[in-house]
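>>> Predicted structure and sequence below. I'll ask about it afterward.
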Amino acid sequence: MIIIALDFGTKNIGVAVGQNYTNTARSLPSIKVKNKKLNIEKLNKLIDEWKPNAIVVGHPLNIDGTKQKITQCSENFSKKLKNIFKIPILLHDERLSTVEAKAILFEKYGYKSLKKERIDSMSAVIILESWFLYSKN
């Protein structure tokens, strides 16, 4: 089963693709958000190319599990995706995914790798691999 993960943001959306046979994911180029508008064309292209069985969207929560400002935006984004693509859209806890993404990128590639787009897509990888582990149980 092919799954796409999206790390929702108001300026960039991190993207990853993976499959549940190996429970691994890889990053894809992030999608720019312009004027708070979803780039449907790029998302359509992704869906057409990868033909995912579902999309996992990062659900940003505070450390204690409560919602923050961006949580509602992510939930609205998920609802839009559900209406447009007619495939399962699943929210998955993304707490500390950005912190982990920065640490991985810094360790592997150094300081110069810490570009926002790269961090967002690495966060999507972490979200998806976490979802694979969670969905096994």
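Here it is on my side, so go on.

>>> And the strands in the protein?
2-7, 12-19, 24-32, 54-59, 89-93 (DSSP state E).

>>> What lies in contact with the shortest one?
Residues external to strand 89-93 that are found in contact with it (Cβ atoms under 8 Å, 6 or more residues apart in numbering): 5, 54-59, 61, 74-75, 78-79, 81-82, 127, 130-131, 134. Yep, even glycine has a C-beta here, placed from its N, CA and C like the rest.

>>> again, but for the first one
Under the criterion Cβ under 8 Å, 6+ apart, residues 13-20, 25, 46-47, 50-58, 77, 81, 92, 94, 97-98, 120-121, 123-125, 127-128, 131-132 lie in contact with strand 2-7.

>>> May I have the beta-bridge partners of the residue lying closest to Thr24 once chain neighbours are set aside?
Spatial nearest neighbour of Thr24, excluding adjacent residues (Cβ to Cβ, 6 or more residues apart in numbering): Gly18 at 5.6 Å. For Gly18, the beta-bridge partners under DSSP bridges are Ile3, Ala25.

>>> what's around Gly18, how many residues?
Using other Cβ atoms under 10 Å, Gly18 is surrounded by 25 other residues.

>>> do Thr24 as well
Applying other Cβ under 10 Å, we find 13 residues neighbouring Thr24.

>>> That one: what's it in contact with?
So Thr24 contacts 18, 129, 132 (Cβ under 8 Å, 6+ apart).

>>> tell me the least confident of those residues?
Within these, pLDDT reaches its minimum at Glu129, with 91.

>>> any idea how far the closest residue to that one other than its chain neighbours lies from Ile3?
With sequence-adjacent residues excluded and distances taken as Cβ to Cβ, 6+ apart, Glu129 is closest to Ala25, at 5.3 Å. Distance from Ala25 to Ile3, counting by Cβ to Cβ, to the nearest Å: 8 Å.

>>> higher neighbour count, those two?
Ranked by neighbour count (other Cβ under 10 Å), Ala25 and Ile3 place Ala25 first, with 25 against 22.

>>> This protein: helices as residue ranges?
Using DSSP state H, the helices assigned to the chain run over residues 40-50, 69-85, 97-109, 116-136.
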